[in-house]
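Student: Take this sequence and fold it.
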Amino acid sequence: MNLEQARFNMIEQQIRPWDVLDAGVLDLLKAVRREQFVPAASKALAFVDTEIPLGYGVTMWQPKVEARALQSLSLKAGDVVLEVGTGSGFMTALLARMARQVTSVEIVPELNAMAARNLAAQHIDNVTLQVGDASQQWGEAEYDAIMLTGSVPLLPEAYKNQLKVGGRLFAVVGDAPAMKAQLITRVEADRFESSTLFETVVAPLKNARQPQRFVF
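Tutor: Below is the predicted model of the structure:
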């Protein structure tokens, strides 16, 4: 398998056609070795337009979804970022390369350990990995950007309130098969703007709050 040709094809055939045109994001996808964050049994799928199981009910997103999500946050070099759901650490690595500091929280200790190994192998050291349930909130700090890597039926208000003014939150909201990727921006202390970026279906965030559902 020619890894560089496969990486090139992934970017040109999957990611660019999905309106990912930010040169910084595209360069980063060439530089960060996605294949190093994929479980050994799935190496052949590293550049394929599909989700990759990580175990524990968690998957890596399709490359085009990762890229659109990353692009939407418009990260700057001084940004402080919160990621909810570390997984294998690939998105964590992308965030860390674009921002000043990343805190990433994973509920599954085994995945936290996997991500720690993967990030260390790539010499990425501006990430704080933590284990815990961040389905509703994580601490009291404010962030320039927040990314939820699992879908939520309802977006936790606490995360909107942890954005600095000007901060951006990416989340996939809703129930299958009608989930929407949303970008929420805190434009003023008491005002938020929301836009829908695309429709998708991704695995839910563990312990995400569920809406009341009618039972007949």
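Student: burial count for M10?
Tutor: 21 (other Cβ atoms under 10 Å). Heads up, the C-betas are built off the backbone N, CA and C, glycines and all.
Student: which residues sit in contact with it?
Tutor: 29, 34, 47, 49, 63 (Cβ atoms under 8 Å, 6 or more residues apart in numbering).
Student: Likewise for R16?
Tutor: L26.
Student: Assign it to helix, strand or coil.
Tutor: Secondary structure assignment for R16 (DSSP: H, G, I helix; E, B strand; the rest coil): helix.
Student: can I assume D144 is in contact with A77?
Tutor: No: D144 is not in contact with A77 according to Cβ atoms under 8 Å; the separation is 10.8 Å.
Student: Mind listing the shared neighbours of those two?
Tutor: A99.
Student: out of these two, which sits in the busier spot?
Tutor: D144 (21 against 8).
Student: ok, back up a step: mark which of the contacts of M10 are buried, thanks.
Tutor: Buried members of the contacts of M10, counted by 16 or more other Cβ atoms under 10 Å: 29, 34, 47, 63.
Student: What about the contacts of M10, which are in strands?
Tutor: Among the contacts of M10, no member falls in strands (DSSP state E).
Student: Please list all residues in contact with T50.
Tutor: Taking Cβ under 8 Å, 6+ apart, one finds Q62 in contact with T50.
Student: before we move on, what about F170?
Tutor: 69, 72-73, 145-148, 181-183.
Student: what's the closest of the residues you listed to Q210?
Tutor: Nearest to Q210 among the contacts of F170: L148, at 15.4 Å, using Cβ to Cβ.
Student: Now that closest one. Its backbone dihedrals?
Tutor: phi -100, psi 120 (degrees, to the nearest 10).
Student: partners of it in the sheet?
Tutor: With DSSP bridges as the criterion, L148 is bridged to V84.
Student: got CSV for the contacts of F170, with neighbour count too?
Tutor: What follows is the contacts of F170, written out as CSV (neighbours: other Cβ atoms under 10 Å):
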residue, neighbour count
A69, 26
S72, 22
L73, 22
A145, 25
I146, 23
M147, 25
L148, 25
A181, 21
Q182, 19
L183, 17
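Student: Make TSV from these and add pLDDT to it.
Tutor: Shown next, in TSV, are the contacts of F170 (pLDDT from 0 to 100):
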residue	pLDDT
A69	98
S72	98
L73	98
A145	98
I146	98
M147	98
L148	98
A181	98
Q182	98
L183	98
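Student: Beyond the lengthiest helix in the chain, next helix or strand please.
Tutor: Counting by DSSP state H, the longest helix found in the chain is helix 109-121. For helix 109-121, the succeeding helix or strand toward the C-terminus, using DSSP states H and E, is strand 127-131.
Student: Please consider this matter closed, and thank you.
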